[in-house]
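Visitor: The following comprises the amino acid sequence and a computationally predicted model.
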Amino acid sequence: MGSGTGISPSVMINRMVHRSGVPQAGHLLEVARLRGEMAKALSDNAASPLPTTKPAEAPINGAEVDLLI
């Protein structure tokens, strides 16, 4: 199993959905839900007085996606 450090955010989210056991018909909905969750976490982080990451940056790899979601 890899570390997720060199994986793009889109690929990481797709892997998370695939591993979650969601039925095939629900994959697209789960991807959308996780992307929304990631966007909310980024927004909350940017609004925080002490952000944990740079406020306006999107995650650059799978490890950062995993931390956000």
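Guide: Thanks, I have the structure now.

Visitor: Only C-alpha atoms from now on, for both contacts and neighbour counts.
Guide: Fine.

Visitor: how many neighbours does the nearest residue to M12 once chain neighbours are set aside have?
Guide: Counting by C-alpha to C-alpha, 6 or more residues apart in numbering, G62 is the residue found nearest to M12 once chain neighbours are left out, at 4.9 Å. Counted with other C-alpha atoms under 10 Å, residues neighbouring G62 total 22.

Visitor: Am I right that G62 is in contact with I7?
Guide: Yes - counting by C-alpha atoms under 8 Å, G62 touches I7, with 4.8 Å between them.

Visitor: pLDDT wise, what is A58 at?
Guide: Among the per-residue scores, A58 shows a pLDDT of 69.

Visitor: and if you look at the one 3 residues further on?
Guide: For N61, the model assigns a pLDDT of 70.

Visitor: Spatially nearest residue to it (excluding sequence neighbours)?
Guide: Closest to N61 by C-alpha to C-alpha, 6+ apart is S8, at 4.6 Å.

Visitor: Many thanks, I have nothing further to ask.
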